[in-house]
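Visitor: Take this sequence and fold it.
(one chain, ligands or ions: 1)
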Amino acid sequence: MRHPQLNEHGELRHLLTIEGLPRDIVTHVLDTASSFLEVSDRQVKKVPLLRGKSVFNLFFENSTRTRTTFEIAATRLSADVVNLDVRTSSASKGESLLDTIDNLAAMHADMFVVRHAQSGAPYMIAQHVGPGLHVINAGDGRHAHPTQGLLDMYTIRHFKKDFTNLTVAVVGDVLHSRVARSDIHALTTLGVPEVRVIAPLTLLPPGLEQMGVRTFTDMRAGLKDVDVVIMLRLQNERMRGALLPSAQEYFKHYGLTAEKLALAKPDAIVMHPGPMNRGVEIESAVADGVQSVILEQVTFGIAVRMAVMSILAGNR
Ligand code: CP
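Guide: Next comes the predicted model:
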């Protein structure tokens, strides 16, 4: 069966997940993003690729980085951008998600960028909309955050060049993390030979071994000689019940400190999708240290989101 995010020619029609995406599509996004990186350094930071198109940002969950960089990316592609304020929209009066979508589609939207607390909401929208509309998943529940996964891969490729000789550790609250799932799918798709997941047993979801990763509950053992450390936010808002004794205890065992980072390779890079809980999953000396590329991730996110939108708009 054809994947719902691909058209009949095997091209991206929507971007819903990295799971199952062919490697050449992932690489094409990264290569296209490279060509957009310099647009942000121009005096006039615009290219006309989405001129006349309307991009609707529909964020049913809060966001700083993703929503803003999608808006910047669409603006740099010369699109018209509409940011639906969900809190003051008629969703607060009980209008259903699909009724909201139908009404926005009737305004001749070309692209919906959707963040939603429910896993699968962007899929449902993608299956509902007409053929001229593209849907981009900007994070759905615990399921996927594909543009974060792609910008993370862009960042790794920028600093490390070759995926096929890397050891990458994903550390922290994997159970609740859509970023972890998208990163793991992207890393394995791009041929990273060793992907490690480091977390307490209570935050390790089942099925990781089937995804081709090694799991560690001892952070020091898991960090040994890695090239890339991807820290995850402890997602208190998604936790039901007591999965951890306390934030202090978590930091002691799973917080990234300079002392623990010294176990990785000397030129290892430190990543975090944000927002960070300083002093919980990462200490400030590391977050702001020379090995941190956390703010570069944000900058690269603009080029990667430009790439995704321009590819979708250009496909049949
Ligand atoms: N990384 C990320 O998704 O951040 P925001 O929640 O601020 O968009």
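
Visitor: Could you grab the helix/strand/coil label for V170?
Guide: On the three-state scheme (DSSP: H, G, I helix; E, B strand; the rest coil), V170 is labelled strand.

Visitor: for it, what are its contacts?
Guide: If you count contacts by C-beta atoms under 8 Å, 6 or more residues apart in numbering, V170 has them with A180, D183, I184, V195, R196, V197, I198, V213, I230, L232. In this view, the C-beta of every residue, glycine as well, is placed from N, C-alpha and C.

Visitor: Can you pull out the low-pLDDT segments for the chain?
Guide: Along the chain, the model assigns pLDDT under 70 to residues 1-2, 237-242, 316.

Visitor: For M211, grab phi and psi.
Guide: For M211, the backbone dihedrals are phi -80, psi 0 (criterion: degrees, to the nearest 10).

Visitor: measure L15 to L21 for me?
Guide: Distance from L15 to L21, counting by C-beta to C-beta, to the nearest Å: 9 Å.

Visitor: who has more neighbours, these two?
Guide: When L15 and L21 are compared on other C-beta atoms under 10 Å, the one with more neighbours turns out to be L15, at 27 against 22.

Visitor: State the distance from that one to T100.
Guide: According to C-beta to C-beta, L15 stands 20 Å off from T100.

Visitor: Flag every buried residue along the helix or strand where L98 lies.
Guide: Taking DSSP states H and E as the definition, L98 sits inside helix 97-105. Within helix 97-105, the residues that count as buried by 16 or more other C-beta atoms under 10 Å are L97, T100, I101, L104, A105.

Visitor: and what of stretch 192-210?
Guide: The neighbour-count check on stretch 192-210 (16+ other C-beta under 10 Å) flags V192, E194, V195, R196, V197, I198, A199, P200, L203, L204, L208 as buried.

Visitor: Check the contact between the second one and A169; I expect there is one.
Guide: Right, the one you point to is E194. No. Counting by C-beta atoms under 8 Å, E194 does not reach A169; the two are 9.1 Å apart.

Visitor: rewinding a little: okay if I get the buried residues of helix 97-105 as TSV plus distance to the ligand?
Guide: Conversion of those to TSV gives the following (distance: C-beta to the nearest ligand atom, whole Å):
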residue	distance to the ligand
L97	20
T100	20
I101	21
L104	21
A105	24
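
Visitor: which one is whatever residue of the stretch 151-300 of the chain ends up closest to the ligand nearest to, not counting chain neighbours?
Guide: With C-beta to the nearest ligand atom as the measure, the residue in the stretch 151-300 of the chain that lies nearest the ligand is P273; the distance is 3.7 Å. Spatial nearest neighbour of P273, excluding adjacent residues (C-beta to C-beta, 6 or more residues apart in numbering): V179 at 4.7 Å.

Visitor: which SS state does that neighbour fall under?
Guide: Here V179 is helix, with the state taken from three-state DSSP.

Visitor: Kindly provide the distance from it to N165.
Guide: Note on V179: its distance to N165, by C-beta to C-beta, is 23 Å.

Visitor: circling back: from the buried residues of stretch 192-210, which land in strands?
Guide: Here DSSP state E is the test, and the buried residues of stretch 192-210 give E194, V195, R196, V197, I198 as lying in strands.

Visitor: All set now, cheers.
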